[in-house]
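J.: Okay, structure incoming, though there's no sequence with it:
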């Protein structure tokens with residue numbers, strides 16, 4: 001680093017956010033991958049269907065900010081395990097309505113409880129005020145503030 005260079009990549013917000021996301025996600029990944037053999041996109045699709053019930057791949061893509069191709073692969077894996085049902089839209093034959101099966105709902109419920117515990121474990125490192133501030137700042141950076149206020153996320 002030159003004397004005139006005051007840029008420190010370790011303090012660069014995108015670097016810090018990515019590092020925090022990766023580090024905090026890896027421990028939870030051990031749980032959903034170890035317990036259910038799922039990849040990250042699969043559990044994210046499963047969680048969206050668990051929260052919002054009936055969705056299309058396009059809706060999940062928009063809400064979760066995941067490319068539709070990745071969602072299609074995840075849905076195929078989840079359907080293969082009989083955790084997701086796929087029903088063709090009668091008005092738009094290119095689209096499918098996705099829903100969790102009873103088995104998928106059981107997996108979602110289990111992982112939701114594990115996620116709540118893991119979230120509490122992460123939050124325990126900070127004061128309640130710091131956690132609230134961190135969540136608020138992260139929502140703002142992720143452009144999620146309006147959705148959070150309206151109950152959309």
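T.: Alright, I've got the coordinates. Remember, predicted model here, so these are calculated numbers, not experimental data.
J.: Is there a neighbour count for residue 142? I'd like the number.
T.: Using other C-beta atoms under 10 Å, residue 142 has 13 neighbouring residues. C-beta coordinates here come from the backbone N, C-alpha and C atoms, glycine included.
J.: so what secondary structure elements neighbour the helix or strand containing residue 19?
T.: Using DSSP states H and E, residue 19 falls within helix 13-36. Judged by 3 or more C-beta pairs under 8 Å, 6 or more residues apart in numbering; DSSP states H and E, helix 13-36 is in contact with helix 40-52, helix 102-123.
J.: Show me the residue at the heart of this structure, geometrically.
T.: residue 44 (4.2 Å; C-alpha atoms, centre = their mean).
J.: From residue 39, how far off is the closest residue in space to it that isn't next to it in sequence?
T.: Distance criterion C-beta to C-beta, 6 or more residues apart in numbering; nearest residue to residue 44, sequence neighbours excluded, is residue 64 at 5.5 Å. In this structure, residue 64 and residue 39 are 14 Å apart, going by C-beta to C-beta, to the nearest Å.
J.: now swap in residue 30 and tell me
T.: From residue 30 to residue 39 the distance is 13 Å (C-beta to C-beta).
J.: Compare those two (neighbour count), which wins?
T.: residue 39 (15 against 10).
J.: got the contact list for the more buried one?
T.: Going by C-beta atoms under 8 Å, 6 or more residues apart in numbering, residue 39 touches 33, 74, 77.
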